[in-house]
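Colleague: curious how this folds, go ahead:
(one chain, ligands or ions: 1)
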Amino acid sequence: MILAEPADRSPLPEAEAPRDCPLCARLVAFRHECRAEHPAWWNAPVPVFGDPAAWLAIVGLAPGKHGANRTGRPFTGDYAGELLYATLLKFGLAEGEYRADPTDGLRLKGAVILNAVKCLPPQNKTLPHEEANCRRFLMASIASLPALTTFIALGKVAHDSLCRAFELPLAKARFAHGAEHVLPGGKRLIDSYHCSRYNQNTRCLDAAMFEAVFGQALNG
Ligand code: SF4
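Modeller: Presented below is the predicted three-dimensional model:
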């Protein structure tokens, strides 16, 4: 059984939620269900993964059940992670080999992966009050990354949570794939469709579209 604290696995330990974070009742109940069903899985808030000197933060929605919620590393072990990590490796933002396992030795270079919500939500759908609760950890992570200049938001929930964290009215920053916004303070926010299995299978997002967003971030 894995009982490590999220902070023990994080490059930003001061920004992490505790393993038994009680703030979202619905997600706590689901966490307990998952622990009973799969006691060897991570089943806890998923810590930040990446480089504490990152200039780029990729912000996802929430852990996938068989991905980060199982392995304890963002996007590791599920369909979405295959495209994300392949893209990070292709653009020199990671080094090593991605083997869908947190012990694969993969390292991010200049990049970090955050989530709008750190705990697994039922049906992959978060609720507004859960996004609001978890924003304190997102903001603490951002505050602990002094070299950060650029965000890639994977999907509208991540986009909205970043806008709220920076107090940018949503009406002034509409989500659209490839859209770029300037956050108060000057950091860049670039939107991408989420690299979920659903979006890839429905051809809402393909590898070329995803890579174009990373090219935009690198060339801005
Ligand atoms: S989603 Fe975030 S705020 Fe809610 S219980 Fe998990 S770690 Fe705590």
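
Colleague: CA atoms for contacts and neighbours, from now on please.
Modeller: OK.

Colleague: hang on, residue 158 packs against residue 114?
Modeller: No - between residue 158 and residue 114 there is no contact under C-alpha atoms under 8 Å: 9.5 Å.

Colleague: what is in contact with the two at once?
Modeller: Listed as contacting both residue 158 and residue 114 by C-alpha atoms under 8 Å, 6 or more residues apart in numbering are 59-60.

Colleague: just the element for the most far-flung residue of the chain relative to its centre, please.
Modeller: The C-alpha centroid of the chain is most remote from residue 36, which lies 25.2 Å away (C-alpha atoms, centre = their mean). In this structure, residue 36 sits in helix 25-37 according to DSSP states H and E.

Colleague: elements contacting the helix or strand that that helix is followed by?
Modeller: Reading on from helix 25-37 to the C-terminus, the next helix or strand found by DSSP H and E is strand 49-50. Applying 3 or more C-alpha pairs under 8 Å, 6 or more residues apart in numbering; DSSP states H and E, we find strand 49-50 packed against strand 107-108, strand 111-115.

Colleague: adjacent strands (with direction) for the last one?
Modeller: Within its sheet, and counting by DSSP bridges, strand 111-115 is paired with strand 49-50 (antiparallel), strand 56-60 (parallel).

Colleague: those: which one's closest to the ligand?
Modeller: Nearest to the ligand, of all these, is strand 56-60, at 12.8 Å by C-alpha to the nearest ligand atom.

Colleague: residues in contact with the closest one: which ones?
Modeller: In contact with strand 56-60 (C-alpha under 8 Å, 6+ apart) are residues 110-116, 148-155, 158, 194.

Colleague: for the nearest residue to residue 196 once chain neighbours are set aside, report the pLDDT, please.
Modeller: Distances taken as C-alpha to C-alpha, 6 or more residues apart in numbering place residue 80 nearest to residue 196, at 4.7 Å, with adjacent residues excluded. Predicted confidence (pLDDT) for residue 80: 97.

Colleague: for the helix or strand hosting residue 80, list the C-alpha coordinates in PDB.
Modeller: Using DSSP H and E, residue 80 falls within helix 79-90. The C-alpha coordinates for helix 79-90 follow below in PDB (Å, rounded to 0.1, in the frame of the first residue of the first chain):
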ATOM      1  CA  TYR A  79      -4.200   7.700 -22.800                       C
ATOM      2  CA  ALA A  80      -3.800  11.500 -22.400                       C
ATOM      3  CA  GLY A  81      -0.300  11.100 -21.100                       C
ATOM      4  CA  GLU A  82       0.900   9.300 -24.200                       C
ATOM      5  CA  LEU A  83       0.400  12.500 -26.300                       C
ATOM      6  CA  LEU A  84       1.500  14.900 -23.600                       C
ATOM      7  CA  TYR A  85       4.800  13.200 -22.800                       C
ATOM      8  CA  ALA A  86       5.600  12.500 -26.400                       C
ATOM      9  CA  THR A  87       5.100  16.200 -27.100                       C
ATOM     10  CA  LEU A  88       7.200  17.300 -24.200                       C
ATOM     11  CA  LEU A  89      10.000  15.000 -25.300                       C
ATOM     12  CA  LYS A  90       9.700  16.200 -28.900                       C
END
